[in-house]
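S.K.: Sequence first, then the predicted structure:
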Amino acid sequence: MPELPEVETVCRGLEKILQNKPVIKRVRLLRKDLRFPIPPRLPRALSGEVIIGVRRRAKYLLFDTESVILLNHLGMTGSWRLLARNEELGKHDHCLIELADGRVLAFRDPRRFGLLDLIKPGQEAVHPRLKDLGVEPLDGFSAELLLVKSRKRKVPIKVLLMNQKIVVGIGNIYASEVLFRAGVRPTRSSGTLTRGECARIVEAVKKVLVSAIRAGGSSIRDYRNLGGEEGGFQDQHLVYERAGEPCSICKTAIKSKVMAGRSTYWCPRCQS
DNA sequence: CGGGTTACCTGACGGC
DNA sequence: TGCCGTCAGGTAACCC
């Protein structure tokens, strides 16, 4: 579920909570694997380390310590919770980070599509999950880049926007929302986009993501921030999960279809 | 390599 | 109340 705005919101929440650079007292793994095996040495590698900071790259969170980086992906249902004192562990709490100051961070992930791994500082660029990631949409993404990457490609633009090797952070909700605002149909073959359309798409990507971050992300089903609160951007969704409803601009019924296995929404009149 | 489909997993929801 | 099929903010592993 979490796309860039949700991961960014979680990252900012973690940064705030960890700004006193706490020492990790102990890490407990409640299961050995999520989608992939969790390194068995992870608890030992992290215990005693100081959390220097938390960063986001694409939809990944990176917890920096002096000697190792904790890499985390939320998958579809992952969340970090600051447990209240004496709070019972949930059925899907898989990893606990116990801080020396007594606080406990829990990684919760019912579907277990998330990821926990370790990276040696300086080795980020060669990590298999990070090495092929594309450009950050809010840092270095441009119409020129989209134009170049879309040439000679037949995939629908909606699928291209979700391709993390080209531009990162855009998932199924924001792809539809961006293309509606850009006035481009999600089914358009990428190679047919004009320079002007690429410019409109890139502008819409930036606007939508910035607005969504400002709103604290979108909560459709599961997504919650660190405090368990919902985001607010779902109130600004203009097409996502609105099939059959009148378009906010022209009142034509919003259409939907499955593309590359994912539900996709658009206005057949406003988007060409 | 590009493009498409399937699998991974749990839970919520609607229909019968 | 079940039970069953469908679907869900992601991505990797297959296939052709």
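M.R.: Nice, thanks for sending it over.
S.K.: Which strands or helices does the helix of greatest length in chain A pack on?
M.R.: For chain A, the helix with the greatest residue count under DSSP state H is helix A:195-214. Applying 3 or more Cβ pairs under 8 Å, 6 or more residues apart in numbering; DSSP states H and E, one finds that helix A:195-214 contacts helix A:4-17, helix A:143-150, helix A:157-161, helix A:172-182. Using the backbone N, CA and C atoms, a C-beta is placed for each residue, glycine as well.
S.K.: any idea which helix or strand comes after it?
M.R.: strand A:255-259 (DSSP states H and E).
S.K.: on that earlier part again, out of the helices and strands packed on helix A:195-214, which comes closest to DNA strand B?
M.R.: helix A:157-161 (6.0 Å; Cβ to the nearest atom of the strand).
S.K.: now the residue nearest to A:A143 when sequence neighbours are not counted: how far from A:S272?
M.R.: Closest residue in space to A:A143, ignoring its immediate chain neighbours: A:A199 at 3.9 Å, by Cβ to Cβ, 6 or more residues apart in numbering. Distance check for A:A199 against A:S272: by Cβ to Cβ, to the nearest Å, it reads 16 Å.
S.K.: Look at the two and report which has more neighbours.
M.R.: Using other Cβ atoms under 10 Å as the criterion, A:A199 and A:S272 rank with A:A199 on top: 17 against 10.
S.K.: Please report how far the more buried one lies from A:L34.
M.R.: 39 Å.
S.K.: what's the answer for A:L14, then?
M.R.: For A:L14 relative to A:L34 (Cβ to Cβ), the value is 18 Å.
S.K.: do the same with A:A253
M.R.: A:A253 is 40 Å from A:L34, by Cβ to Cβ.
S.K.: With neighbour numbers in mind, choose between the two.
M.R.: Neighbour totals were compared for A:A253 and A:L34, and A:L34 leads with 22 against 14 (other Cβ under 10 Å).
S.K.: Enumerate every residue touching the more buried one.
M.R.: A:75, A:94, A:109, A:112-116 (Cβ atoms under 8 Å, 6 or more residues apart in numbering).
S.K.: how does it look with 10 Å?
M.R.: Shown in contact with A:L34 (Cβ atoms under 10 Å, 6 or more residues apart in numbering): A:72-73, A:75, A:78, A:94-95, A:107, A:109, A:111-117.
S.K.: Going by distance to A:L4, which of those wins?
M.R.: Closest approach to A:L4 among these (Cβ to Cβ): A:H73, at 12.5 Å.
S.K.: What about the closest one, how many residues nearby?
M.R.: 21.
S.K.: buried residues in stretch A:86-103?
M.R.: For stretch A:86-103, a neighbour-count test (16 or more other Cβ atoms under 10 Å) marks A:92-99, A:103 as buried.
S.K.: no wait, stretch A:57-76
M.R.: Under 16+ other Cβ under 10 Å, the buried positions of stretch A:57-76 are A:57-65, A:68-76.
S.K.: Now the residue of the stretch 151-272 of chain A found nearest DNA strand C, what are its backbone angles?
M.R.: Closest residue of the stretch 151-272 of chain A to DNA strand C, Cβ to the nearest atom of the strand: A:G171 (2.0 Å). The phi/psi pair for A:G171 (degrees, to the nearest 10) reads phi -120, psi -160.
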